[in-house]
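**Q** what's the 3D shape of this:
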Amino acid sequence: MTTDSTPAAPRTGRDETPAERADRLWTDMLQEVRVAQTGAQILFGFLIGVAFTPRFAGLPDFDHDLYVATVLLGAVSTGALIAPVAFHRFLAGHGLKPELIRIAGRLIAIGLVTLALTMAFALLLLLRTATGNDTAAWILSGAVLLWFTTTWLVLPQLVLHRAARRRPPGGATDSGTPPAADPEPDPEPEPEPGPGRSRS
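**A** The predicted structure follows:
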């Protein structure tokens, strides 16, 4: 009696079906949206109230235009971060959760970019009004926007790049699925039978 001595392949990734993975990713995405939504909604509510303060009427034209642009960015950000909920309401029960996750991911990215711009523009408006120093207001607002770009975009990409360099070939990704393997090369064609040779 012979026994198969071939060692079992090591398990990689998560033990979950595609549907379970989609549910997990959607739950994680909702947690991310809740954090971003709270900040966007609070900031948007604050911006709406600024127009009703006595000092608003005395602002220069540039500050009025800056305020309008900031409010519009805040509205776009809030709408983009709430949109995944509306998508889920319409697509739930139709077996389209993978598509929902892809669309929601893009909407969240748009919401985060416009939220960062909203915060930078709101800070610029605040600093121009509070300090009266245009140069300092632009420098500080630009520095804050650079900080958002670094912490929200650059650092995650650096972590992802370093993790990819440490990951062994064929290892599982952080999403629980192993990277796609390269397709096997086509086998070389068998030589045609010549004289005195026959196909087996």
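**Q** low pLDDT regions in this structure?
**A** Within the chain, the ranges that satisfy pLDDT under 70 run 1-14, 168-200.
**Q** can you give me the helices in it?
**A** 18-50, 61-91, 97-131, 134-149, 155-166 (DSSP state H).
**Q** check the offset of the last one from the chain's centre.
**A** Spelled out, it's helix 155-166. Its chain's C-alpha centre and that of helix 155-166 lie 15 Å apart, by C-alpha atoms, centre = their mean, to the nearest Å.
**Q** between helix 134-149 and that helix, find me the angle.
**A** 30 degrees (axes from the mean of the first three to the mean of the last three C-alpha atoms, to 10 degrees).
**Q** same check, this time on the first one
**A** Interaxial angle of helix 18-50 relative to helix 134-149 (the same axes, to 10 degrees): 170 degrees.
**Q** cool, the second one as well?
**A** Per the same axes, to 10 degrees, the angle that helix 61-91 makes with helix 134-149 is 20 degrees.
**Q** also the third one?
**A** Using the same axes, to 10 degrees, the interaxial angle of helix 97-131 with respect to helix 134-149 works out to 160 degrees.
**Q** buried residues in helix 97-131, which are they?
**A** Residues of helix 97-131 classed as buried: 97, 100-101, 104, 107-108, 110-125, 127-129 (neighbour count, 16 or more other C-beta atoms under 10 Å). (Each C-beta comes from the backbone N, C-alpha and C, glycine too.)
**Q** same thing with the first one?
**A** By neighbour count with 16+ other C-beta under 10 Å, helix 18-50 contains the buried residues 21-22, 25-26, 29, 33, 36-37, 40, 43-44, 47, 50.
**Q** as a markdown table, those residues with distance to residue 61 would be great.
**A** As requested, these are exported to a markdown table (distance: C-beta to C-beta, whole Å):
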| residue | distance to residue 61 |
| --- | --- |
| 21 | 53 |
| 22 | 50 |
| 25 | 47 |
| 26 | 46 |
| 29 | 41 |
| 33 | 36 |
| 36 | 32 |
| 37 | 33 |
| 40 | 27 |
| 43 | 23 |
| 44 | 23 |
| 47 | 18 |
| 50 | 16 |
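**Q** ok, residue 66 touching residue 123?
**A** No - with contact defined as C-beta atoms under 8 Å, residue 66 does not count as touching residue 123 (10.9 Å).
**Q** burial measure for the nearest residue to residue 127 once chain neighbours are set aside, as a count.
**A** Spatial nearest neighbour of residue 127, excluding adjacent residues (C-beta to C-beta, 6 or more residues apart in numbering): residue 137 at 3.7 Å. Residue 137 is flanked by 19 other residues according to other C-beta atoms under 10 Å.
**Q** no further questions, thank you.
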